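Colleague: give me the fold of what follows.
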Amino acid sequence: MRLSTMHALGLSFILIACSPGSEPGADMPDAQSAPWEISRNALLGPFHADLPLTVDALEAALPDFSARLEQRSVEGEAYDVVVLSHEVGGAPVFEVSASWQSQSLADVKIYEAGHIAGLRADIGDSFSASGFEPADCFSGMEEMSGRVSCMDERYPGLIYWFDPSPYDGPDGEIPPISVLNDANLFMMHWHADPR
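Modeller: Below you'll find the predicted structure:
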């Protein structure tokens, strides 16, 4: 039952709907005016569902960042991502991937604090400081096993990922609150509107 609930919630966060009659990118804020707002039109700063997933397009949208193409894999299936960092070859600040149907943006992983306004927590914050309750969260699976994801009802499509390391409890279970409170927010995963 919990697995079915988690899958249903996961799908609901991926299926974000744009407002009818709105132009894609119409209320897109300036890329350099971080922290960005998450808008009703499935926009996150310069990121939106119609942004092409190319190094050139992402460097144009975020000129203060260096972009590079890398490959990731899930369950043996390889896929491309564009990694944005402060310097060539630097640590990822954003990791952007495409929808499986097209080469338009599907989601953004955020690894650095200070880029999104109005959050419950930011990168580096503890679970206890976030205000989440264990009931708001789910245990990670597969490559995210051992980690905990939490959803903020104010921002459909945004998932907060906490790492309770070095805790090594049973797979598929959220750690006890005494462990979870010290878990750090290491990544946020924002899903654009898949068209």
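Colleague: what's the first-to-last distance across stretch 159-167?
Modeller: Stretch 159-167 has an end-to-end distance of 21 Å (criterion: CA to CA, to the nearest Å).
Colleague: buried sites along it?
Modeller: Neighbour-count burial for stretch 159-167, counted by 16 or more other CB atoms under 10 Å, picks out 159, 160, 161, 162, 163, 164. To be clear about C-beta, it is placed using only N, CA and C from the backbone, and glycine gets the same treatment.
Colleague: closest one of the residues you listed to residue 95?
Modeller: Among these, residue 161 lies closest to residue 95 (CB to CB), at 12.4 Å.
Colleague: still on that earlier bit, take the buried residues of stretch 159-167 and write them to TSV, including secondary structure.
Modeller: Supplementary listing: these in TSV, determined by DSSP: H, G, I helix; E, B strand; the rest coil:
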residue	secondary structure
159	strand
160	strand
161	strand
162	strand
163	strand
164	coil
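Colleague: how about those, which pair is most distant?
Modeller: Greatest spatial distance among the buried residues of stretch 159-167 (CB to CB): 159 and 164, at 16.0 Å.
Colleague: right, and residue 191 touches residue 107 too?
Modeller: Yes: counting by CB atoms under 8 Å, residue 191 touches residue 107, with 4.8 Å between them.
Colleague: what's the neighbour count on the spatially closest residue to residue 94 that is not a sequence neighbour?
Modeller: Once flanking residues are discounted, residue 94 sits nearest to residue 84: 4.3 Å by CB to CB, 6 or more residues apart in numbering. Neighbourhood size, residue 84 [other CB atoms under 10 Å]: 24.
Colleague: pLDDT wise, what is residue 84 at?
Modeller: pLDDT for residue 84: 92.
Colleague: my reading is that it lies in a strand. Confirm?
Modeller: Yes: assessed with three-state DSSP, residue 84 lies in a strand.
Colleague: surely it touches residue 69?
Modeller: No: using CB under 8 Å, residue 84 makes no contact with residue 69, being 11.2 Å away.
Colleague: in this structure, what helix or strand scores lowest on average pLDDT?
Modeller: When each helix and strand of the chain is scored by mean pLDDT, DSSP states H and E, helix 2-14 comes last, with a mean of 32.
Colleague: let's see the pLDDT reported for the residue nearest to residue 151 when sequence neighbours are not counted.
Modeller: Spatial nearest neighbour of residue 151, excluding adjacent residues (CB to CB, 6+ apart): residue 159 at 6.0 Å. Note for residue 159: predicted pLDDT of 92.
Colleague: now swap in the one 5 residues further on and tell me
Modeller: pLDDT, residue 164: 94.
Colleague: then residue 103?
Modeller: 64.
Colleague: so what's the residue count around residue 48?
Modeller: Neighbour count of residue 48, defined by other CB under 10 Å: 22.
Colleague: roughly how far is stretch 181-195 from the heart of the chain?
Modeller: Put simply, stretch 181-195 sits 4 Å off its chain's centre (CA atoms, centre = their mean, to the nearest Å).
Colleague: actually stretch 124-142, sorry about that
Modeller: Per CA atoms, centre = their mean, the centroid offset for stretch 124-142 relative to its chain is 14 Å.
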